[in-house]
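[1] Please work out how this folds:
(2 chains)
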Number of protein chains: 2
Amino acid sequence: MPAMRWNGWGDPDRATRLPDSVVGLLRELLGVRPDPVPSVPLAEVAPPPPAPAVRALTEIVGPGGVLTDDETRIRHTRGKSTPDLLRLRAGDASAAPDAVVLPAGHEEVLAVLDRCSRERVAVVPFGGGTSVVGGLTAAGDGFAGVVALDLRRLDRITALDAVARTATLQAGLRAPRAEALLAEHGFTLGHYPQSYEWATIGGFAATRSSGQASAGYGRFDEMVAALTVATPRGTLTLGRAPKSAAGPDLRELVLGSEGAFGVITDVTARIRPLPETRRYEGWRFPTFAEGTAAVRALAQDGPLPTVLRLSDETETMIGLARPGEIGAASGDGCLAVCGYEGRREDVAARRAGTHAVLTACGGEPLGDAPGESWAAGRFSAPYLRDALLDAGAFAETLETAAFWSAVPRLADAVRLTLSRELPSSLVMCHISHVYRDGASLYFTVVTAQGDDPVGRWRRAKAAVSDAIIGAGGTITHHHGVGTDHRDRLADEIGPLGVEILRAVKDRLDPAGVLNPGVLIPPAAG
Amino acid sequence: MPAMRWNGWGDPDRATRLPDSVVGLLRELLGVRPDPVPSVPLAEVAPPPPAPAVRALTEIVGPGGVLTDDETRIRHTRGKSTPDLLRLRAGDASAAPDAVVLPAGHEEVLAVLDRCSRERVAVVPFGGGTSVVGGLTAAGDGFAGVVALDLRRLDRITALDAVARTATLQAGLRAPRAEALLAEHGFTLGHYPQSYEWATIGGFAATRSSGQASAGYGRFDEMVAALTVATPRGTLTLGRAPKSAAGPDLRELVLGSEGAFGVITDVTARIRPLPETRRYEGWRFPTFAEGTAAVRALAQDGPLPTVLRLSDETETMIGLARPGEIGAASGDGCLAVCGYEGRREDVAARRAGTHAVLTACGGEPLGDAPGESWAAGRFSAPYLRDALLDAGAFAETLETAAFWSAVPRLADAVRLTLSRELPSSLVMCHISHVYRDGASLYFTVVTAQGDDPVGRWRRAKAAVSDAIIGAGGTITHHHGVGTDHRDRLADEIGPLGVEILRAVKDRLDPAGVLNPGVLIPPAAG
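    Below is the predicted model:
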């Protein structure tokens, strides 16, 4: 696969343009200006000169393991949020790391962390670089330098246990490669987040990623049976059994730690037999409330499809559930996509059971076409975002989750706040992860870039975060904390919860070099 | 319900005696002596005089909230492991708390912890008092006193959300009462550990309890959506959504913390509709290996019964799976018990699917009788243990879990070690909790008390713990750490893992008054 677009998403050859009709609508409806500012070319972007402190790391990883050329540094600058992209498109590479370091294995990661702790060099663990919450934007102030610790050389499956159905995957393995290697043995992870084509195993674990097939395969954190973590204080090896009563489950402390406690170097994941068959289909519900009741019925009483999504009226109308057909009218009501993967008889049974529930809840079957269309475009939305940026629009997403009883007011609160903060915007919502006790809500906003889009979004996002906390939602269901949600973490887990995270960080990373400023809000004073 | 037997298990009126034939077998086979030492009577047990420091707590909980009479203190001495009972039967109440404190709510718990931190009084959170791993045996040395913080006054359901299917249960609620209150609204937890009749919601959470119906309802930790914890540093409120990516899941740090970080005062649990129907039945497998393959097939590819247990050949022969019929011959091979609870059509479908899998794996159906017999006696084993102690035998249990590929060698290693360390003993094993990637193993040992049974057991247990660690198992699957497994915790999570727990404890409980000596091994030096 070629390198990711430095100032956008994905394979440059798959970059797309909006149809003129859509561009016209954007101008008419959202006030998008007809003269979008194009991106600065890569050759004109100049990160600041690298700090000399990083060169000593060649003693650990060899001269080829420390890259300080501009292009490599720019490609490891920030993540893939819309503000990240807008800054890069404007030529701002001030957040570039001083070097990109490529350790070859766990021991080299340990040695790098030890050296960086002694030299006060900040370390940003880097997998696929797909963070959309500022998870790669460490605060380098007060450090002798900042390195991106790119785990791409840790890209193997080191063990596969077909009896226990577990596989030990190195952290730098990208998801498609992991699936290809597992498929050779007849297994799959079944983890398909939007970032699937680029993201890594270590990143999935560090950020509590959740994939489009979470109803069937679970969240990534639920797939983790064991993990190995390199910290400045040594190695953590966690997970001796599927479940244990030997105290708190420290796996759950590493999951979601976003590189602030250590660097996950491998994950032993629960794997499943490759599905014999896959089938995706569409259903229509008259309203989001009726659709929500239907997916809740499936989540609580079963059967559960493998993929279960419900778009609200606006998202259905726009057709965002099928990015390949954006702009094509999709009809009234709310589109639900149900996917079934597994053994043939199991798929047949779950599909029949699901049909009965959805029909009883007022759903109308739309056949396979909408499901296949969704599946074909399931990883395409970020390409669409680039096209929107090229056309002068601003598109961004945010997400939350709540217990079922809070879901309707949470959805309303976020929609209202976004519409108020960003007049002349399109706000779309879907449910894409369900649990017995609640569900996620995923919002997409499209508006005009206008002046200072980053500042406008920051203000809107702050207001939405207040609304989410006020309506009883979590500040993030699967994007993670990064720097964007860091200052809301106390709303989520309380000041004492934040103190717990600080205590753990102080113990594992006493020099504070690991992803500084990410996840854990700085102590007051 | 009357008070639990002070020196044994459960309702004194349900105490039982072994049939003479069984007593004869114990003498013949295991060398149990014919002159068992009876228990000292309660009136002759004298705990040391209570430390005066504890009286000041009446300022917080009122005079009726601080109990210092001998009987109450004795009833809060140690837990219910066999060594605990043998010490109490011998009249040893040296580990009695100085007082039993009865807070009326969360705020009083906070105030007690604050006061005890300032006065250096150790606090042992006390629910049902059913720990079998020394979880109630705090190290009082260096403290001005030790109080048992009995949560019995926190015994209400404070919220029930029928839409999200969650209920907020106070920590001191006993399981049967919780079930009765939930049943009024048509719901159940479905958590039925052996300790069910006495144990509390808070204890389930603090120790990561797992019940007999875990295949269907999950472990208790999986039922916890949110919790409130009183710590010496204030209140922790965790769980804003079913799942979140807002950093590490701190719920999982409180679950299993065994009172060392704080006192859980309520749990918001995931609840389920009361099952329409329940059905239990027996199956026979020629060998434990074949039975293990069968339960693994169900765990990995489904369908899963609600209850799934497999006794090994010895346990099947002895009939321990049905304590009410101990001594009645149960035939050859290995008995499996499968239970199905839920809606009628769901039970029928899962039962049919299970039958197909078990038959394909070489199982022979035994009909409902063995299942009903198991269900009738499901909480009786601890009564049987008392009868064995009365007869001069020693009976104790231990448990572990591992990934499936390690299960056979783990079972062999434990059996071999127990047989070597305790010659002339009966060693029985069953699988009672299954996961996609592994299973628990539960062992029961019966031998003669002989001289120094506590010392002999301590040595045997140490050897078994070595064997468990060596064979890749977890040191405990659902009994917890307490003091008994504390010094093996570094084998489980590594010295750095132990340091993490110390860091959290230091932050939340700076005076170190919470359950000192439990869970976390003391720092060297």
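
[2] what about A:P232, distance to B:G494?
    Note on A:P232: its distance to B:G494, by CB to CB, to the nearest Å, is 15 Å. For the C-beta atoms, the positions are set from N, CA and C on the backbone; glycine is no exception.

[3] neighbour-wise, which of those two wins?
    A direct count of neighbours by other CB atoms under 10 Å in any protein chain shown for A:P232 and B:G494 places A:P232 higher, at 23 against 17.

[4] For that one, give its distance to A:G135.
    Distance, A:P232 to A:G135, using CB to CB: 19 Å.

[5] Same check on A:L422?
    From A:L422 to A:G135 the distance is 24 Å (CB to CB).

[6] List the contacts of A:T168.
    Counting by CB atoms under 8 Å, 6 or more residues apart in numbering or on different chains, A:T168 makes contact with A:I157, A:T158, A:A159, A:L160, A:A226, A:D266, A:V267, A:T268, A:A269.

[7] Now the first one. Its backbone dihedrals?
    Here the main-chain torsion angles of A:I157 (degrees, to the nearest 10) amount to phi -90, psi 120.

[8] A:L30 touches A:A393, doesn't it?
    Yes - judged on CB atoms under 8 Å, A:L30 makes contact with A:A393 at a distance of 6.7 Å.

[9] More neighbours: the two, which one.
    Per other CB under 10 Å, whichever of A:L30 and A:A393 has more neighbours is A:A393, with 27 against 20.

[10] you'd agree that one is up against A:A448?
    Yes - using CB under 8 Å, A:A393 is in contact with A:A448, at 6.3 Å.

[11] so what sits against both of those two?
    Common contact partners of A:A393 and A:A448 (CB under 8 Å, 6+ apart): A:L26, A:L30, A:V32.

[12] Identify the contacts common to A:L30 and A:A393.
    The contact lists of A:L30 and A:A393 share A:V446, A:T447, A:A448, where a contact means CB under 8 Å, 6+ apart.

[13] Enumerate every residue touching the last one.
    Yep, that's A:A448 we're talking about. With contact taken as CB under 8 Å, 6+ apart, A:A448 is in contact with A:L26, A:L30, A:G31, A:V32, A:R33, A:G392, A:A393, A:F394, A:S424.

[14] so what's A:E399 closest to, chain neighbours aside?
    Distances taken as CB to CB, 6 or more residues apart in numbering or on different chains place A:Y442 nearest to A:E399, at 4.4 Å, with adjacent residues excluded.

[15] what about that neighbour, distance to chain B?
    12 Å (CB to the nearest CB, to the nearest Å).

[16] That residue: neighbour count?
    Neighbour count of A:Y442, defined by other CB under 10 Å: 22.

[17] What of the one 3 residues further on?
    Using other CB under 10 Å, A:V445 has 24 neighbouring residues.

[18] Kindly report the same for A:Q194.
    Number of residues near A:Q194 (other CB under 10 Å) recorded here: 22.

[19] where do the helices sit along the stretch 401-525 of chain A?
    Listed in chain order, the helices of the stretch 401-525 of chain A (DSSP state H, counting those that start in this stretch) span A:407-421, A:453-470, A:489-508.

[20] Residues contacting the first one, please?
    What that stands for is helix A:407-421. For helix A:407-421, contacts defined as CB under 8 Å, 6+ apart pick out A:288-289, A:292, A:312, A:398, A:400, A:402, A:425, A:427, A:429, A:431, A:438-439, A:441, A:443, A:445, A:459-460, A:463-464, A:466-468, A:470-473.
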